[in-house]
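Undergrad: structure here, sequence nowhere to be found:
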């Protein structure tokens, strides 16, 4: 059996997933066979060109014709088109994979998760950083108790593409179009990683309460090509949050588009009673590990050994992989779940859980006080 | 003229300052002459031994006899003996140098600052990290506009000496005796560095509001040598804070005694519209600097060149200095101010300003909401 | 026109190149169309399985039937089958790409280079590290004079898979089968990178003389599965060399399979009168750069910006690539040369030049004295 | 009893040792009492000023009057005045401490070592890097077998003060006055560290043979203040060496004054069958350690714990020390040996052993072939 895949969206994420699908046969021999069946978009010319480049057999301009005609539906469109097509696909019994954040509003995210629950088919939210081998290895260490009781979690996602106040206005800076700013775009990834790594009841548990802070540094920006015209920036440029977990552990989160010199710098630090971990996306093949009793300082581990997560599919030890490989692993797990009627994580439920936390950050920022979750 | 110095306290800090005083003549030829005149303490035997080791001519068990009999009074005692002797010295017209945090309560700190103001003599609060050459160099870059408008500040102070839940109870864990936990002990340093580096009106300005969080992970600890007896831990094990500065910049602060593997890891990160800086106390000879336009990544600068702050007094480029050298620089500045009727910074006023911020962190934590300063 | 490619060899390198060929259409739209036509090997069953996995249309057990029947011939077999098939292909006018080192002996390498010269078709030697964006960027800096006159070059390639004296004997440890040990396997890469980066006459120029040192640490090793039987190790476990370049610059080279903890650690350091560079394969997205006058310390540059070499074909800034991407770049350049009757570098001539240096290292080691090249 | 110390030389090294002597009482309570008795030099005015600053009771312009009048004689003068005063002191039965390299020629070094042997009093050669806590800790690991059989040793000492071809001529560049260039100045330190760490018979053993290479990049340099006058550079600007140890281990050594951006970058790397070590003088509080079986990557250890070598004399964990502290440790060991009729290492014998290796490097460079030692 060959799984037919329909994909809405053909830009950055479309390419990342098309590439992942194309690479499965050579490297994951037990992955289901996949056909890149149909690519969905609105601009027919661009769409047709993209289908050629990305290896899709057909194109469609109306997702309605696609969602019940494929074996899996990938919704990689912008935020505001996440809910309707995803729900329609689920109602048609089609497994769905959707970009993050799940939806522009908590309400829509809840509806999507509800639809996924009712459909009972595999569904996934695109938190690809769960599929970095070093992150998987970190998770293994935490699950094995090597880090002990979690005390501290820190997550930061730093970019710098808005650092110049004269950088032009873009649709991502408009609340209507983008839903939110850095919080949904970058914060969603961090929140999911934190939940994945320490969220289990046997670790730090759920985030019980938090205090959030949003900031917009530059209120309006010039419109490109339009002399002296500006448009307002209506989303957050940066956010921070303090967390308290069920077990009493503390967390701090942060993201910004104003971290001069940082291109895509997503870092996670965890400290527990038995050990500590550090990870940075810009050195994604590495994990820094410290175990009390065994180590006096952090070990810089190259997570490229044969028995490291997913690594046996690739190259010998020390031959590093890149950012795009996380998509291959993610697609492998998703399609395997689809083929075997299994389940996939992170699911819509995980997407909703992350969204609840993001919403609480906004809520807390508005109210100027800590907010309880759950 | 030789300045006679009286010092209350002869343990860790007493030794650090006695060493600094002893080293001035060889390395700072323009420093005033200093006599380590009298060492003050309660335990006569230990005191006498310490005076021998640390090079003091006399000892005294009552600070009252000392404060108006010396040219400078160093109050290096525990928190709860900061206020009374310091104020007495100031009232006697004697310049005073006092350990941080300035006092166990905001009220006492305010009284001390008031006494300093009225006395009109040099006074100092022991924030020695202002005297790290790399920090001074960072300040120079910020003042010269090389970092541009400040957007983000992060300060963390990580230690791990309480990570073992069976580590014994100590007086530092008792609120009566210690005043506060990690907030006053480590947080005070971070808050002062942040104020020093970005607090000027032309930079980020004052901290306008903040959200604080305190946590005690282990509520009681065994009493050493007493089978199965425990005592309660009544201070904070860790704190975090979110800051908003006058210019809109965001800050996050954190300190803990539960960061497994981190011994004395004090880090500061700053990002502005024109550049970024990173500093770590464990590599105190280095500063990481990134200037937009000039750099694509952080430069790891060894701040040991002849024209770097204080470095011409020491060794050739690349010959690194240590933690203790910050005390030499601090004492040099303080004693120069005393000898020349100048002023010294960080002063009691700076100590009070830091304390206000620490108090606001506690206040915010209790109220569960953001707190305005000023 | 579609280029038909025939590939001899289907293990590690076969997979790396098949993957590269498969990825070209999606990421290098101006690359020629390619068909993975025929895979060549001896074990029919394994070959057929590999052809399926790697996407080849046909298989062949005799390279003679292939070399004049394809548009490009890739010789990815072991050392001792480099010469004959490569020369046959060239004599048939077929462009050839051959694994490194070019041949087990200098004589064969010279014959191959001669055949390439006579054939006048594109030919390449598999020094894939020339195609790391950070290395290309380093080359650009050197060519632009940013490093000034070259003074020092250091190249090291450290692995550790033989560190255990009880690790079993393998064919790679036999001179007959492997040609040489670490010198040809790892040293060839380093020598080529050094030539590529500083070998131009306007830089350090050719290596004029060198002193070499070979060592075998463990003389015999157990045969796997055979109780108490051992076989002799007849190749070098490690080598080092001192170089003198035409312009007087000094170089040191080294490689080993006994560097405990180092998996695939290939590093290059260059110092010139105007600047310095450092590169490590384990962090292949980074280049450390220091420019006298502009920098006080090394900048750690993430070479993932849009205008960095090859990066515009991949992902946005900060989204790192992996080891395998070097093969995509290499194949892109090679096939473009084939399609456009252009030339490709590194060529067989470059392979021969590297081999001359490796041979001189062996020669010098035997004679115990410096050896002149050229 | 108080040891009276006479010191010849009052510049860089004079200050480093005077400081060390001054600090002993406060930090090494079991060190013998010391009096900085007499400072020896030729320029009376500068000498008198230096004696004031460095805390010496008297001055003398003729070392002959001093060598038998003190309890220890420190010869910190330039190379060409090492032999005569040191031998005179030893013949007078006075313990001697002498700067490195021991002498300008191997012959003189041998005479000095012979004099030391006959005198039978403590004698020392100023290889202060043996007294870095992290180096001591490395030695402990090697002695405990944690690194296993030594396979590879690398030592590099990089500076950059000659990188500008227009930097003025200085006496250090004249063979008559300086003896040698970088080889004696920097190489001596590296050679001693290598001998200290792995030279024992139970480790790599003695260096049995080596290949050396010297280079002078800039042959003449302008005379400061003299228009268009230049003087020849008659010493080496850089050296490299390949080593073979008794146990078959390989070594590479290197030093230069042309490593743009490196101020005082002395690094040692060691790889053995059970583990690996890395040290850098610019981060002298750290040691990178990897133990096969226990570690997957290098641990970055801060060697500042109470049970680390010498650290209990200083500050709590994480409070880093500087370059100058190595002199305190060195003086402590030397003076303890003098007071207790013990022995001190590194001795004149060690100085001679290092010199033999340096001479072999020169010899090998001249002959263009490997040279046997011993």
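TA: On my side now, so go ahead. Because the structure is a prediction, the values reported are computed rather than measured. Residues are numbered from 1 along each chain as shown, chains lettered A, B, ... in the order given.

Undergrad: chain D contacts on the stretch 151-300 of chain A?
TA: Within the stretch 151-300 of chain A, the positions adjacent to chain D are A:286, A:289-290, A:294-300 by C-beta under 8 Å from any C-beta of the partner chain. For every residue, glycine as well, the C-beta is placed using N, CA and C.

Undergrad: if you rank the residues you listed by neighbours, which is first?
TA: For these, the largest number of neighbours (other C-beta atoms under 10 Å in any protein chain shown) sits with residue A:289, at 28 neighbours.

Undergrad: where's that one, which helix or strand?
TA: Element membership of residue A:289 [criterion: DSSP states H and E] is strand A:286-291.

Undergrad: before we move on, back to that, now pLDDT and distance to residue D:179 too, for the residues of the stretch 151-300 of chain A next to chain D, in TSV please.
TA: As requested, those are exported to TSV (pLDDT from 0 to 100; distance: C-beta to C-beta, whole Å):
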residue	pLDDT	distance to residue D:179
A:286	98	46
A:289	98	48
A:290	98	47
A:294	93	48
A:295	96	45
A:296	96	41
A:297	97	40
A:298	98	43
A:299	98	44
A:300	98	41
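
Undergrad: so which of these belong to strands?
TA: Counting by DSSP state E, those place A:286, A:289-290, A:299-300 in strands.

Undergrad: hmm, which two among these are most spread apart?
TA: Greatest spatial distance among those (C-beta to C-beta): A:286 and A:290, at 13.6 Å.

Undergrad: for the closest residue to residue A:339 other than its chain neighbours, give me its contacts.
TA: Sequence neighbours aside, residue A:32 is the residue nearest to residue A:339 in space, at 3.8 Å (criterion: C-beta to C-beta, 6 or more residues apart in numbering or on different chains). Residue A:32 is in contact with A:1-3, A:335-336, A:338-339, counting by C-beta atoms under 8 Å, 6 or more residues apart in numbering or on different chains.

Undergrad: then residue A:192?
TA: A:100, A:125, A:127, A:129-130, A:346, A:350, A:354.

Undergrad: who does the worst-scoring helix or strand of chain A on mean pLDDT touch, helix- and strand-wise?
TA: One helix or strand of chain A scores below all others by mean pLDDT, DSSP states H and E: helix A:175-178, with a mean of 83. Helices and strands touching helix A:175-178, as assessed by 3 or more C-beta pairs under 8 Å, 6 or more residues apart in numbering or on different chains; DSSP states H and E, are absent.

Undergrad: need the residues of the stretch 51-200 of chain A near chain B, please.
TA: A:148, A:151-152, A:154, A:158, A:163-165.

Undergrad: repeat that with 7 Å
TA: Selection of the stretch 51-200 of chain A residues close to chain B by C-beta under 7 Å from any C-beta of the partner chain yields A:151-152, A:163, A:165.

Undergrad: thinking again about what came up before, who wins on neighbours among the contacts of residue A:32?
TA: In terms of neighbours by other C-beta under 10 Å, those top out with residue A:335 at 26 neighbours.

Undergrad: what sits against that residue?
TA: If a contact means C-beta atoms under 7 Å, 6 or more residues apart in numbering or on different chains, then residue A:335 has A:3, A:31-32, A:34, A:72 as its contacts.

Undergrad: make TSV from those residues and add secondary structure, pLDDT and distance to residue C:53 to it.
TA: Below are the contacts of residue A:335 laid out as TSV (DSSP: H, G, I helix; E, B strand; the rest coil; pLDDT from 0 to 100; distance: C-beta to C-beta, whole Å):
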residue	secondary structure	pLDDT	distance to residue C:53
A:3	strand	98	19
A:31	coil	97	12
A:32	coil	97	15
A:34	strand	97	15
A:72	strand	98	23
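
Undergrad: any idea which of the ones in strands among the residues of the stretch 151-300 of chain A next to chain D is closest to residue C:56?
TA: Among these, residue A:286 lies closest to residue C:56 (C-beta to C-beta), at 35.0 Å.

Undergrad: does that closest one really touch residue A:298, like I thought?
TA: No: applying C-beta atoms under 7 Å as the test, residue A:286 and residue A:298 come out as separate, 10.4 Å apart.

Undergrad: domain ranges for chain A?
TA: For chain A, automatic domain parsing gives the domain ranges A:2-128, A:133-283+A:285-321+A:348-367.

Undergrad: turn these into CSV, columns for distance to residue B:121.
TA: Shown next, in CSV, are those (distance: least, C-beta to C-beta, whole Å):
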stretch, distance to residue B:121
domain A:2-128, 59
domain A:133-283+A:285-321+A:348-367, 41
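
Undergrad: show me where the stretch 1-150 of chain A has strands.
TA: In the stretch 1-150 of chain A, the strands defined using DSSP state E, counting those that start in this stretch lie at A:2-8, A:33-40, A:58-60, A:72-75, A:96-98, A:123-125, A:150-158.

Undergrad: closest one to residue C:373 among those strands?
TA: Using C-beta to C-beta, the nearest of the strands of the stretch 1-150 of chain A to residue C:373 is strand A:150-158, at 48.9 Å.

Undergrad: excluding its backbone neighbours, what's nearest the residue of the stretch 101-250 of chain A found nearest chain C?
TA: As assessed by C-beta to the nearest C-beta, chain C sits closest to residue A:159 within the stretch 101-250 of chain A, at 7.4 Å. Leaving out its chain neighbours, the residue that sits closest to residue A:159 by C-beta to C-beta, 6+ apart is residue A:257, at 5.0 Å.

Undergrad: what parts of chain A come near chain C?
TA: A:18-19, A:22, A:26, A:29, A:53-55, A:263-265, A:282-284, A:302, A:304, A:315, A:317-325.

Undergrad: can you rerun that using 6 Å?
TA: By C-beta under 6 Å from any C-beta of the partner chain, the residues of chain A that approach chain C are A:26, A:263-264, A:317-323.

Undergrad: list the contacts of residue A:62.
TA: For residue A:62, no contacting residues are found, by C-beta atoms under 6 Å, 6 or more residues apart in numbering or on different chains.
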